[in-house]
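>>> Pasting a predicted model and its sequence here:
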Amino acid sequence: MRTTVHIKCTNVHIVTSATNRRRGPTDPDRRDRIARAAIAVVAEQGIRKLSHRTVAAKAGVPLGSTTYHFATLDDLLAAALDKAAERSVAELRAWEQALSPDADLATALADFVLASIAERRAETMAEYNLYALALHRAHLRTAAVAWDDALADVLCARTDELTGRMLGVLLCGLLMQAVLREDPLARNDIEAQLRRALS
């Protein structure tokens with residue numbers, strides 16, 4: 001009787017160990033996915049609706065997962081801002097690399113602004129909602145400044161350092177104005193400002 005019990009326990013132990021070995025990490029992308037979901041919540045519902053619960057629902061994860069990866073709402077906001085900056089810079093970098101060497105930069109940048117406030121309006125609004133929070137939350141300022149610097153660096157690749165940084169400030173201002181205004185910015189005005197900055 002003792003031998004039989006021992007064998008059964010051993011078999012159970014072996015099966016459990018094999019299951020654990022097969023399982024491994026079930027969702028290695030979860031932290032990143034939660035940060036992306038936070039941006040989506042801000043884009044769809046606004047910054048006031050951002051909570052661990054709304055983000056968990058959007059990401060399709062248990063509430064405990066959001067609090068495990070981001071203990072406080074400020075941690076979640078910081079991750080969302082980092083992810084928004086990363087995505088914004090990556091999109092601008094891909095846009096710049098796709099331009100021909102002799103492209104008219106003022107025209108191309110005007111196209112980029114218009115696309116950002118048309119096809120990507122919700123995402124652009126979410127990005128600037130998160131960016132503006134840095135005015136009141138000191139722990140977000142480093143990420144916001146790094147975002148500005150990264151955007152300028154991309155533009156410096158097409159101009160010189162001073163012009164690139166000036167274009168970065170202008171681009172941010174134009175995008176923020178565009179999502180705030182009810183009357184759309186005229187394409188001619190956008191391009192004229194960019195062309196003046198490049199002259």
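In hand now; what should we look at?
>>> I'd like to know which helix or strand in the protein has the lowest mean pLDDT.
helix 2-23 (a mean of 39; mean pLDDT, DSSP states H and E).
>>> I'd like the next helix or strand past that one.
Using DSSP states H and E, the helix or strand that follows helix 2-23 in sequence is helix 30-45.
>>> Would you mark the buried spots in that following helix?
By 16 or more other C-beta atoms under 10 Å, the buried positions in helix 30-45 come out as 30, 33-43. C-beta: built from backbone N, CA, C; applies to glycine.
>>> which ones are touching the residue positioned nearest the centre of the chain?
Centre of the chain computed as the mean C-alpha position; nearest residue by C-alpha atoms, centre = their mean is residue 84, 1.8 Å away. Residues near residue 84 by C-beta atoms under 8 Å, 6 or more residues apart in numbering: 39, 126-127, 130-131.
>>> Kindly indicate whether it is helix, strand or coil.
helix (DSSP: H, G, I helix; E, B strand; the rest coil).
>>> how much space between it and residue 128?
Look at residue 84 and residue 128: by C-beta to C-beta, to the nearest Å, they are 9 Å apart.
>>> same question, residue 59
22 Å.
>>> shaky segments in the protein?
Scanning the chain for pLDDT under 70 picks out the ranges 1-26.
>>> ok, for residue 150, nearest residue in space, not its chain neighbours?
In space, residue 150 comes closest to residue 89 once its chain neighbours are excluded; the distance is 4.4 Å by C-beta to C-beta, 6 or more residues apart in numbering.
>>> If you could redo that for residue 165, that was the one I meant.
Residue 165's closest residue in space is residue 152 (C-beta to C-beta, 6+ apart), at 4.4 Å.
>>> Check whether the residue nearest to residue 150 sits in a helix, strand or coil.
helix.
>>> Tell me who's in contact with it.
Residue 89 makes contacts with 147, 150-151, 154, as judged by C-beta under 8 Å, 6+ apart.
>>> What of residue 122?
Per C-beta under 8 Å, 6+ apart, neighbours of residue 122: 43-44.
>>> returning to what we had before: which helix or strand lies directly C-terminal to the host helix or strand of the residue nearest to residue 165?
Assigned by DSSP H and E, residue 152 belongs to helix 141-156. Counting by DSSP H and E, the next helix or strand C-terminal to helix 141-156 is helix 161-180.
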